[in-house]
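Novice: take a look and give me a structure for this.
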Amino acid sequence: MILVGGMSLGRPNLDGLEKITCRSSSIKASRSEILKFIESFCAEAEGQKFGNNGIHELREVYKIDNNSNNQAMATHLLLELKSINGCEFLVDYSCGRYLTRPTDECNIGEDSKGGGYVADGCSLWKTLPLLKKN
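Specialist: Below you'll find the model as predicted:
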């Protein structure tokens, strides 16, 4: 993340730490599906200014082509980025890293990813598999 003007307004001191919150849900998605949508989301978000006079939130819901009969497999994936605590920043190449962290660090394995959140005191990133009834 690049800070506008070299600083971020209102950013709390988290000592540079990112906090991951894993989602506890039976709704899961495969890693390959999640990564495909993260790439698309980040292509849209990179270079955009968030916070203050920029965008405060970017949210996309992607439809997953699910051929599984498993009732717990997601039909959609929510990817979201929010500016929090009055911060202002430009999205850079780290977009994929933020969104991939809950995918890779919360559930080990390829096919049962529950997603979660990453917050760094300036931004909130969500990767959440969803199950929508038709």
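
Novice: show the subsequent helix or strand relative to the helix ranked longest in the chain.
Specialist: Ranked by residue count and defined by DSSP state H, the top helix of the chain is helix 31-45. Downstream of helix 31-45, the next assigned helix or strand under DSSP states H and E is strand 49-50.

Novice: average model confidence for that next one?
Specialist: Averaged across strand 49-50, the pLDDT comes to 92.

Novice: the longest helix of the chain packs against which elements?
Specialist: Helix 31-45 sits against strand 57-63, strand 76-83, helix 95-105, strand 123-130, with contacts defined as 3 or more CB pairs under 8 Å, 6 or more residues apart in numbering; DSSP states H and E. (Glycine included, C-beta is placed from N, CA and C.)

Novice: ok, 7 Å please
Specialist: strand 57-63, strand 76-83, helix 95-105 (3 or more CB pairs under 7 Å, 6 or more residues apart in numbering; DSSP states H and E).

Novice: to Glu39, which of these lies closest?
Specialist: Among these, helix 95-105 comes nearest to Glu39, with 7.0 Å by CB to CB.

Novice: using CSV, list the CA coordinates for that closest one.
Specialist: C-alpha atoms of helix 95-105 as CSV (Å, rounded to 0.1, in the frame of the first residue of the first chain):
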residue,chain,number,x,y,z
CYS,A,95,-3.6,-6.0,-3.0
GLY,A,96,-3.2,-9.6,-3.9
ARG,A,97,-1.2,-10.3,-0.8
TYR,A,98,-3.8,-8.8,1.5
LEU,A,99,-6.7,-10.8,0.0
THR,A,100,-4.7,-14.0,-0.3
ARG,A,101,-3.6,-14.1,3.4
PRO,A,102,-6.9,-15.4,4.8
THR,A,103,-7.2,-17.8,1.9
ASP,A,104,-3.8,-19.4,2.6
GLU,A,105,-3.4,-18.9,6.3
